[in-house]
Structures are given as C-alpha cells and as structure tokens.
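**Q** Provided below are the primary sequence and the corresponding predicted coordinates.
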Amino acid sequence: MTQFEKEKLIEVVLYIINATKGLDYYHIFKILYFAQQKHLCKWGSCIVADDFVVMEYGPVPTELYSAVRNNEHYAKELIPLFTEAIEFAGKDASNTLLPKREPNIDYLSPADIESLDESIAENKGLSFGELKEKSHDSAWYATSNRDVISVGDIAKAGGANDGFVEYINEQELIQKALS
C-alpha cells in the first residue's frame, strides 16, 4: 500500500468507530468488508487498498489486522498511524477500538461514506455468530485459508454480474501493474 492508502485506511477505521462510538475490531473488519463489497458492486472500485484474507471467522483486512495485533513484520508503517489515531478501550473491553480524534473526511468520497454508512447500519448490531455466518459467503468459500480473496470474488458474492466482475478483475490487474 502507498502512504496515502495507509492514511486512508486509518481514516476509514476512524469513520467507523466514530460513527459507532467504539466497536470491537471483529465488527470493524466485517463492516469494512461489507462496505468494500457494496462499493465494488456499485462503483467497481475498492474503498481501501488492504487485501482481505480468509480466516476461520471470516474475511480479515491483512494490514489492518497486523496493525491491531501490533505485528511490525507485516504493518511496520501502519502501526504508528494506527496508534496515533486509535486506542483500545481497556481491560474490560480489550478488543474494542476507540477513536482518539475525528476522521479526516477529505480522505473519503461521498460514495465511500455511503457504502460505509450502509454497512454500519446493517452490521453493527449483529452478533459474532451472525457476522461469521454472513461473512462466510461465496468469496470466502472460493478462497483457501489465509489466502487473499480476489476483489472480483468479493463483488460476485455481493451480487455483481459476471460482466461487471470481469471489469473489476481487469481494473485490479491494471492497478497492480501500475504499482
């Protein structure tokens, strides 16, 4: 990820936790996944550049997860941005993330905000089990454990038709070639 993409990822997380008044990171990961899915299906592009990988309890954004877990091997540059903007709630809610500041909305497009708001509304109140079941979608099943889920599969799981999925996959290849 570029520096801008890392900064945007933090601003997106700040947006989610400010909107929800703090939330456990499992819910944040799933809200982000479903917002990404909505954005892909509607606009053909991602909100964040972080890759989602298949893990036991559903898709997980790799660099964000590494920053949450303070894993410098995978998120060395993201951890300082994360710790500057976000904190853990404490012993009684050790998985809950709280914002240290408001998000910088300049990083988010109106389309990003729309997808995030829809995902927050749909997913913030779901239980762990409900989120696990919901996120074990066709994209999760199409990918091996700990492998990256393709953005095309994420979009297809969200209802995108085959032609649009092909377009999304082509755009992803172009982006990777340019980076």
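**A** On my side now, so go ahead.

**Q** buried ones in the lowest-mean-pLDDT helix or strand in the chain?
**A** In the chain, no helix or strand scores lower on mean pLDDT, DSSP states H and E than helix 72-75, which sits at a mean of 90. With burial defined by 16 or more other Cβ atoms under 10 Å, the residues of helix 72-75 counted as buried are residue 75. (Each C-beta comes from the backbone N, C-alpha and C, glycine too.)

**Q** Not counting that helix itself, show me its contacts.
**A** 62-64, 66-67, 79, 82 (Cβ atoms under 8 Å, 6 or more residues apart in numbering).

**Q** and those residues as TSV, adding neighbour count?
**A** Formatted as TSV, the contacts of helix 72-75 follow (neighbours: other Cβ atoms under 10 Å):
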residue	neighbour count
62	19
63	22
64	24
66	20
67	28
79	18
82	21
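
**Q** Can you tell me the centre-most residue of the chain?
**A** In the chain, the residue lying closest to the centroid (Cα atoms, centre = their mean) is residue 32, at 3.3 Å.

**Q** Now for that residue: which residues touch it?
**A** 12-13, 16, 47-48, 61, 64, 119.

**Q** 6 Å instead, please
**A** residue 61 (Cβ atoms under 6 Å, 6 or more residues apart in numbering).

**Q** Secondary structure element holding it?
**A** Residue 32 belongs to helix 25-43 when assigned by DSSP states H and E.

**Q** tell me which of the contacts of helix 72-75 is nearest to residue 142?
**A** residue 62 (17.5 Å; Cβ to Cβ).

**Q** That closest one and residue 53 touch, don't they?
**A** Yes. Using Cβ atoms under 6 Å, residue 62 makes contact with residue 53 at a distance of 5.3 Å.
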